[in-house]
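> Let me see the structure of the following:
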Amino acid sequence: MLLIVAKYLIPKGFRGLTLFPFVFVKFPEDKENRVFVNHEKIHLRQQTELLILPFFIWYLLEYLVRLFQYKNANLAYRNISFEREAYWNESNLDYLKNRSFLQFWNHLYLKKE
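Now for the predicted structure:
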C-alpha cells in the first residue's frame, strides 16, 4: 500500500480515495490515523478480490441503485456494501487478518443505517 497526500485529488466531502495500490489522503495527519488507514486497507482488499476494475463497476452501479433507493447521495454512499463493511470494521485493526473472502457480500441486504 502506498499512502500519498493529495489534497486536490480527493473529492469535496471525502478524506481519502483508494485506487489499488494507492491510498490518497487529503490531510497529512490521516496517514497516522490507524482507523482511517484500516478503512482504506479494507477497500484495497475488496479491490483485489474483485480484480480491481469489476470493483469500480460494481461500486458505481450499487451507488446508483442506492441513490434510487434512498433518494439521498450521502445515504446511498454509506449503504454501498463495500462502505458498510469498511465502516463497520474500521476500528478492528485485526479485521483483515481474519476476514473471509468476499465478506462485503454479507453487507448487501441490510437495512439502511
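> next structured bit after the biggest helix by length in the chain?
The longest helix of the chain (DSSP state H) is helix 53-70. Going down the chain from helix 53-70, the next helix or strand is helix 73-78, by DSSP states H and E.
> can you list contacts of that next one?
63, 66-67, 69-70, 83-84, 87, 112-113 (CB atoms under 8 Å, 6 or more residues apart in numbering). For every residue, glycine as well, the C-beta is placed using N, CA and C.
> That helix: which residues count as buried?
76-77 (16 or more other CB atoms under 10 Å).
> So for it, mean pLDDT?
Across helix 73-78, pLDDT averages out at 96.
> Double-check residue 20 against residue 49; I have them as touching.
No: assessed by CB atoms under 8 Å, residue 20 is found out of contact with residue 49, at 10.7 Å.
> Most neighbours out of the contacts of helix 73-78, which is it?
residue 83 (23 neighbours; other CB atoms under 10 Å).
> Against residue 39, how distant is that residue?
Separation of residue 83 from residue 39 (CB to CB, to the nearest Å): 9 Å.
> what's the answer for residue 65, then?
22 Å.
> low-confidence ranges in this structure?
110-113 (pLDDT under 70).
> Just the CA atoms of stretch 92-99, as PDB, please.
Extracted C-alpha coordinates of stretch 92-99, given in PDB (Å, rounded to 0.1, in the frame of the first residue of the first chain):
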ATOM      1  CA  ASN A  92     -11.000  -3.500  14.400                       C
ATOM      2  CA  LEU A  93      -7.300  -3.300  13.500                       C
ATOM      3  CA  ASP A  94      -7.200  -7.100  13.300                       C
ATOM      4  CA  TYR A  95     -10.100  -7.400  11.000                       C
ATOM      5  CA  LEU A  96      -8.200  -8.100   7.800                       C
ATOM      6  CA  LYS A  97      -6.300 -11.000   9.500                       C
ATOM      7  CA  ASN A  98      -9.500 -12.900  10.000                       C
ATOM      8  CA  ARG A  99     -11.700 -11.600   7.200                       C
END
